[in-house]
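In: Sharing a model that was predicted from the sequence below.
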Amino acid sequence: MSKEASSRARSIARWSARPPAPAGRGDRERARKRAWCRRKFLTYYPGGFEDEDYLALERGYKETAHERWTEELGKRELDRLLAAGQFAEVAARAVRIEGRTNLLFSFEKMALRDAVRSRAGAERFARALRQWLHGRGSLPGRFAAWVEALDALPRRQTRVLTWPLATVFGFIAQPDRHVFLKPKVTRIAAEHYGWGFAYASRPAWPTYESLLGFADQVRRDTADLGPRDQIDAQSFIWVLGSEEYPD
């Protein structure tokens with residue numbers, strides 16, 4: 001197991017592990033909530049993660065974005081562009097790939113485009129992106145460095161550092177390990193699920209660690225439905241908390 005995988009496993013274990021205890025009122029309430037969440041998801045998508053509507057409405061465009069990222073900004077291509085000093089091209093490709101999804105709000109898309117318009121902004125973004133996705137060091141340390149880089153990007157009207165912006169590129173590039181955070185929806189979903197989500201409005205590792213734990217718990221609880229990756233976990237969470245899916 002790699003150092004990163006080992007670190008991530010230990011981090012998630014801190015959030016997801018429960019000490020042995022007799023089943024009590026809290027356990028029964030948590031089980032009731034999670035059963036309700038499962039029923040809600042299956043009400044909208046009776047075929048689970050293989051449901052045709054689910055694939056068309058939730059998974060499909062996220063999977064397509066990942067495939068495009070792998071083709072246009074996979075590690076080898078990203079390293080080639082950086083070595084050639086093509087920072088603006090890295091930023092442009094990242095913006096373009098995300099732009100074909102509805103993951104970010106329009107103001108976040110605009111803030112990012114403005115932030116990488118200058119050479120300095122594009123270079124900071126491109127180098128930080130590479131370190132976040134493929135760098136050495138612990139996952140918490142790399143996440144902190146990524147957040148710091150986003151916070152330092154040029155700003156015109158709207159701040160660049162939001163939770164969706166901090167998590168969208170990891171999610172698109174590496175959905176086997178990273179998950180996307182929409183704060184309002186995720187907080188509602190966590191409440192429905194009985195998950196103690198350690199949310200803070202400013203992006204920081206403890207909240208992201210808690211989110212990874214939430215997503216992994218969802219994948220374990222829905223194992224019989226065959227979740228493939230964090231796209232399925234994030235989509236399940238979205239169904240629980242989004243106004244697009246009334247209770």
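Out: Thanks, I have it.

In: how about the lengthiest helix in the chain: buried residues?
Out: In the chain, with assignment by DSSP state H, the single longest helix is helix 25-44. Buried residues in helix 25-44, counted by 16 or more other Cβ atoms under 10 Å: 34, 37, 38, 40, 41. (Glycine included, C-beta is placed from N, CA and C.)

In: Report the contact partners of the second one.
Out: Under the criterion of Cβ atoms under 8 Å, 6 or more residues apart in numbering, the neighbours of residue 37 are 189, 192, 193, 236, 240.

In: Reformat the buried residues of helix 25-44 as CSV; add pLDDT and distance to residue 207.
Out: CSV is the format used below for the buried residues of helix 25-44 (pLDDT from 0 to 100; distance: Cβ to Cβ, whole Å):
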residue, pLDDT, distance to residue 207
34, 97, 21
37, 98, 21
38, 98, 25
40, 98, 24
41, 98, 24
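
In: Nearest to residue 48, out of those: which one, please.
Out: The nearest member of those to residue 48, counting by Cβ to Cβ, is residue 41 at 7.8 Å.

In: I figured that closest one hits residue 241, correct?
Out: No: at 11.4 Å, residue 41 does not count as touching residue 241 under the criterion of Cβ atoms under 8 Å.

In: Tell me how many other residues crowd residue 145.
Out: Around residue 145 there are 15 other residues, counting by other Cβ atoms under 10 Å.

In: swap in the one 10 residues further on?
Out: Residues within reach of residue 155, counting by other Cβ under 10 Å, total 14.
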